[in-house]
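Chemist: A structural model of the following input is requested.
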Amino acid sequence: MSTTGVFRRFTLGIAFAGLISGVTMAQTQDPTPQQQDIRQDKKDIRQDKKDLKQDRKDRNADQRDINQDKRDVRSDRKDIRQDNRDIRSDRQDVHQDNKDIRTDKRDLNKDRADHNADQRDINHDKRELARDDAKYGVNSSQAQADRKDLHQDRVDRNKDQRDINKDKRDLNQDRKDRNQDVRDVNADRKDRNQDVKDLHNDTKDLRADRKDRNKDQKDINKDKKDLHKDRADLRKDRKHK
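Modeler: Numbering: from 1, shown residues only. Now for the predicted structure:
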């Protein structure tokens, strides 16, 4: 190997060693104030981006809550309208039931009056039959006519009794229906009152979520300003480096 080649390799080795030594010294040397500012600016920018991302995430979550609250409010108002319709319908049913009850009572009183009149006719026919049997004989035309009248009065009395029994059943059924309709009215009122409470609560939630959404939007705007400021500071620090 020639002396020139050896000398060249020796020179390159010294240069490489010096380069490594310079890099090591640069790494171990304390950063300048400008470099510290640049590092801090980059750190602030990363933090601002994180904050901005989180605030946007919170803002979007609040918007979803607002949309759900709006649906809940619409649903509650719809339920309240339906409850009011049910209450009006149940009130009409109660009114009709009371009307039917009054009619049943009148029919029952009339049938009882007819029944009592038929019973009086029966008692009268019995007396007439006994008198005609004694006066004209059992087989007389007068006695036969009395028996025919007595039979017809008993048929009428029995029919009136069936009418009375039917009126009692109708009256009991109408009272049962009226009582059920009253319970339905009370249940519908309870449902309506609960739906009104739900509406108030959902409205409060909607206002709270809007307030949170607006606060998150303000935070986003502030984070954007901070991010812009930190980027400007970074450019400034780099310019003065």
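Chemist: so who does the spatially most central residue of the chain touch?
Modeler: Geometric centre of the chain, nearest residue: residue 76, 5.4 Å, by C-alpha atoms, centre = their mean. Contacts were defined as C-beta atoms under 8 Å, 6 or more residues apart in numbering; by that measure residue 76 touches 195, 198-199, 202. To be clear about C-beta, it is placed using only N, CA and C from the backbone, and glycine gets the same treatment.
Chemist: kindly report the same for residue 129.
Modeler: So residue 129 contacts 143, 146-147, 150 (C-beta under 8 Å, 6+ apart).
Chemist: which parts of this protein are helices?
Modeler: Assigned by DSSP state H, the helices in the chain fall at 3-28, 33-136, 141-239.
Chemist: re earlier: buried members of the contacts of residue 129 into ChimeraX, please.
Modeler: Per 16 or more other C-beta atoms under 10 Å, the buried members of the contacts of residue 129 correspond to this ChimeraX selection:
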select :143,146,147,150
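Chemist: and the closest residue to residue 142 other than its chain neighbours, what's its pLDDT?
Modeler: Excluding the flanking residues, the one nearest residue 142 by C-beta to C-beta, 6 or more residues apart in numbering is residue 132, at 4.2 Å. With respect to pLDDT, residue 132 has a value of 78.
Chemist: can you pull the contacts of residue 132?
Modeler: 140, 142-143, 146.
Chemist: okay, those residues in a markdown table with pLDDT next?
Modeler: What follows is the contacts of residue 132, written out as a markdown table (pLDDT from 0 to 100):
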| residue | pLDDT |
| --- | --- |
| 140 | 82 |
| 142 | 84 |
| 143 | 83 |
| 146 | 84 |
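Chemist: kindly report the domain assignment for the chain.
Modeler: According to automatic domain parsing, the chain comprises the domains 1-30, 31-239.
Chemist: present the contacts of residue 76 as CSV; the columns should include pLDDT, distance to residue 34 and neighbour count.
Modeler: Formatted as CSV, the contacts of residue 76 follow (pLDDT from 0 to 100; distance: C-beta to C-beta, whole Å; neighbours: other C-beta atoms under 10 Å):
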residue, pLDDT, distance to residue 34, neighbour count
195, 95, 66, 20
198, 95, 62, 16
199, 96, 61, 18
202, 95, 56, 20
